[in-house]
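A.B. asks: task: produce atomic coordinates for the following.
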Amino acid sequence: MTKRIFRSICFVAVAVFLASAALFMGVLYEYFGGVQRNQLKMQTNLAARALENEGLEYLKGLDATEYRITWIGTDGAVLYDSKSNSDEMENHLEREEIKQALAEGVGESSRYSSTLMERALYCAERLPDGTVLRLSISQNTLLTLLLGMVQPIGIIFVIAVVLSLVLASRLSKSIVSPLNDLDLENPLSNEGYDELSPLLGRIDNQQRQIKGQREELKQKQNEFEAVTENMAEGIILLNDRERILTINPAARRLFETDDSCIGQHILSVNRSIGISDLLFQLEKGLHGEKVIDLAGGRYQLEVSPVVSGSSVSGAVLLALDVTEKERAEQIRREFTANVSHELKTPLHAIAGRAELLEEGMVKEGDMTEFYHQIHAEAKRLIYLVEDIIRLSQLDEGADGMGREDTDLYALAQETIKRLSAERESANVTITVEGEPARISGIPQLLQSIVYNLCDNAIKYNHSGGTVAVTVKREGESVVFSVSDTGIGISPEHQERIFERFYQVDKSRSRELGGTGLGLSIVKHAVKLHNARLELVSAVNRGTTITVVFPCNPW
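C.D. replies: As a prediction, the model looks like this:
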């Protein structure tokens, strides 16, 4: 803007100077031309009076170098000329000033000579005898006058241009300075041109709007970041070229990357076939889903295109952890298959033996054994159904179950008495050690925990083995543990023994009347009491299962 003002001021200054010079030269030229014509007219009149009184002798004795004097006869012939030979001159009767003088007494005219680049002024006066006296003088043209004044005009022009440049520079800076010093953060506090007041008011209004919008956007961004930063699911925002705009911590962990991936193509982070298929769907503007392996788990990737008009302007990639879901689905399928199998086995045994009895194919002496087997399979079936019902109740939570203060030490002693028949049958010695320890819990679930752990310690022990039950306090917790000297559990089975129907030795478990649900019931009951379950086992050296209860789990 400063340059434009500077150029404009300079242009106006030069234009004004040139226009003023041209006007001055024109006025000056006309003024001196008028003065010169008046002097020529006066000199013509004086010369005519002298010629009238003295005759031709006056003209011959006159020393007039500035003027050219011509005396013309009544017939137009030149009688005398101060510059040329009169005999060689043409007739002047048709000259404009001569014709005017003969008609009116005085005549004037001017003629321009392009060769000499000058103009001649003529003034003629008629004498009493009818002859005409004419005086002429040379007058320079305006162009000649201008050429003669080139040097002084040039000097003046240079001075004027320099002064214009200096003044234009200062003036442009003084004009622009208030604009450059505007405080746009506080537009209404500026003191400057009154003409800027509407603009400054509008800027102030727009700044308030922009500030409000910026704060709103910042708040939304903070809310978005607060949500995405704390999401367990991974989320990635992509632009229309499938480059990463935003990635939250969960996604960075899953894709094993950091913030340096922002701006890069998504395939530079993970080149799996699943993501390539999702991008293919995205290019078509379609929603896509794929389940792939990430960070040691199974994750469902969902890509949703952001459509603007008829084109895809971006996308949202969401990574959902479905590891537990798929595992639960797998457990559910296994549970269904196991339930069917476990129920079918005793039912087939009962049906088979009942059919033999019905057909009379069993000897009288063997009937008692058949009835005993049918009863045993029916009891096993009842235990199995009861355990399944109990697990279903535990899956639904502990709602509806009353909580009481329960002494685990007393509960353990009572349970040992209930298992006396099994202990004697297996030839296993059981001891209860520790001290009274009360916790707030659900009595029937606590009883299931103690019973199942002690029952397993007896069933999977060696003949002549021992089982040690310990109850003790440790700070704000109560520790209940069952240790045996039994067959133990190999490391590859230790992670799965708490799954439903999982049995290390199915034939032995079935022989001992196990359903494969006892430890699953223990796991669920422990979880409902916010307790911690620990397992230590070695093959043929025994197993120790410890449950650490908080004194007040709720």
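
A.B. asks: ends of stretch 410-424, how far apart?
C.D. replies: 21 Å (C-alpha to C-alpha, to the nearest Å).

A.B. asks: average pLDDT across that stretch?
C.D. replies: Across stretch 410-424, the average pLDDT comes to 89.

A.B. asks: got it, and stretch 360-371?
C.D. replies: 80.

A.B. asks: who touches it?
C.D. replies: 353, 356, 357 (C-beta atoms under 8 Å, 6 or more residues apart in numbering). The way it works is simple: take the backbone N, C-alpha and C, and place the C-beta from them, glycine included.

A.B. asks: mind checking the SS state of the second one?
C.D. replies: Right, the one you point to is residue 356. helix (DSSP: H, G, I helix; E, B strand; the rest coil).

A.B. asks: and for the closest residue to it other than its chain neighbours, the neighbour number?
C.D. replies: Leaving out its chain neighbours, the residue that sits closest to residue 356 by C-beta to C-beta, 6 or more residues apart in numbering is residue 362, at 5.2 Å. The number of residues packed near residue 362 is 16, by other C-beta atoms under 10 Å.

A.B. asks: element containing residue 362, please.
C.D. replies: Assignment of secondary structure by DSSP states H and E places residue 362 within no helix or strand.

A.B. asks: start at 59, not 1
C.D. replies: Got it, first residue is 59 now, which makes that one residue 420.

A.B. asks: related to what we said a few turns ago, just the buried ones from the contacts of stretch 418-429?
C.D. replies: Buried members of the contacts of stretch 418-429, counted by 16 or more other C-beta atoms under 10 Å: residue 411.

A.B. asks: of the contacts of stretch 418-429, closest to residue 483?
C.D. replies: Of all the contacts of stretch 418-429, residue 411 has the smallest distance to residue 483: 23.9 Å, by C-beta to C-beta.

A.B. asks: how close does that closest one get to residue 427?
C.D. replies: Residue 411 is 9 Å from residue 427, where distance means C-beta to C-beta, to the nearest Å.

A.B. asks: still on that earlier bit, of the contacts of stretch 418-429, closest to residue 541?
C.D. replies: Distance to residue 541, by C-beta to C-beta, is smallest for residue 411 among these, at 39.8 Å.

A.B. asks: my guess is that closest one contacts residue 434. True?
C.D. replies: No: applying C-beta atoms under 8 Å, one finds residue 411 not in contact with residue 434, separated by 10.4 Å.

A.B. asks: the residue lying closest to residue 138 once chain neighbours are set aside: what's it in contact with?
C.D. replies: Once flanking residues are discounted, residue 138 sits nearest to residue 129: 4.1 Å by C-beta to C-beta, 6+ apart. By C-beta under 8 Å, 6+ apart, the residues touching residue 129 are 109, 114, 117, 136, 137, 138, 139, 189, 190, 191, 192.

A.B. asks: residue 343 too?
C.D. replies: So residue 343 contacts 363, 365, 370 (C-beta under 8 Å, 6+ apart).

A.B. asks: quick one: the residue nearest to residue 414 from residue 428, how far?
C.D. replies: Separation of residue 420 from residue 428 (C-beta to C-beta): 5 Å.

A.B. asks: pLDDT at the residue nearest to residue 138, what is it?
C.D. replies: In this model, residue 129 is scored at 87, pLDDT.

A.B. asks: report all helices and strands that the biggest helix by length in the chain contacts.
C.D. replies: In the chain, with assignment by DSSP state H, the single longest helix is helix 60-112. Packed against helix 60-112 by the contact rule (3 or more C-beta pairs under 8 Å, 6 or more residues apart in numbering; DSSP states H and E) you find helix 114-119, strand 164-171, strand 176-184, strand 190-198, helix 200-206, helix 208-238.

A.B. asks: save those as JSON lines, and put in mean pLDDT and distance to residue 556 too.
C.D. replies: Shown next, in JSON lines, are the helices and strands packed on helix 60-112 (pLDDT from 0 to 100; distance: least, C-beta to C-beta, whole Å):
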{"stretch": "helix 114-119", "mean pLDDT": "75", "distance to residue 556": "153"}
{"stretch": "strand 164-171", "mean pLDDT": "81", "distance to residue 556": "128"}
{"stretch": "strand 176-184", "mean pLDDT": "85", "distance to residue 556": "129"}
{"stretch": "strand 190-198", "mean pLDDT": "82", "distance to residue 556": "126"}
{"stretch": "helix 200-206", "mean pLDDT": "63", "distance to residue 556": "117"}
{"stretch": "helix 208-238", "mean pLDDT": "75", "distance to residue 556": "78"}
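
A.B. asks: among the ones you listed, which is nearest residue 326?
C.D. replies: It's helix 208-238; of these, that one is closest to residue 326 (C-beta to C-beta) at 46.7 Å.

A.B. asks: which SSE is immediately downstream of that closest one?
C.D. replies: Immediately after helix 208-238, counting by DSSP H and E, sits helix 255-287.

A.B. asks: picking up where we left off before, where's the residue nearest to residue 414 relative to residue 407, distance?
C.D. replies: In this view, residue 420 and residue 407 are 14 Å apart by C-beta to C-beta.

A.B. asks: next one: residue 284
C.D. replies: Using C-beta to C-beta, one obtains 61 Å as the distance from residue 284 to residue 407.

A.B. asks: these two - which one has more neighbours?
C.D. replies: Using other C-beta under 10 Å as the criterion, residue 284 and residue 407 rank with residue 407 on top: 17 against 10.

A.B. asks: touching, that one and residue 436? I think so.
C.D. replies: No: Residue 407 lies out of contact with residue 436 (C-beta under 8 Å); the separation is 9.5 Å.

A.B. asks: re earlier: so which of the helices and strands packed on helix 60-112 comes closest to residue 462?
C.D. replies: Using C-beta to C-beta, the helices and strands packed on helix 60-112 put helix 208-238 closest to residue 462, at 83.9 Å.

A.B. asks: could you report the neighbour count for the nearest residue to residue 600 once chain neighbours are set aside?
C.D. replies: If the residues on either side of it in the chain are set aside, residue 600 comes closest to residue 543, at 4.4 Å by C-beta to C-beta, 6+ apart. By the criterion of other C-beta under 10 Å, residue 543 has 19 neighbours.

A.B. asks: how near is residue 543 to residue 488?
C.D. replies: 11 Å.

A.B. asks: with residue 553 instead?
C.D. replies: In this structure, residue 553 and residue 488 are 28 Å apart, going by C-beta to C-beta.

A.B. asks: so these two - more neighbours on which side?
C.D. replies: Neighbour count, other C-beta under 10 Å: between residue 553 and residue 488, residue 488 has more, with 23 against 10.

A.B. asks: any idea of the pLDDT on that one?
C.D. replies: pLDDT, residue 488: 92.

A.B. asks: am I right that the residue nearest to residue 600 is in contact with residue 602?
C.D. replies: No: the pair residue 543 / residue 602 is not scored as a contact, 10.3 Å apart, by C-beta under 8 Å.

A.B. asks: among the helices and strands of the chain, which has the poorest mean pLDDT?
C.D. replies: Lowest on mean pLDDT, DSSP states H and E among the helices and strands of the chain sits helix 564-569, with a mean of 49.
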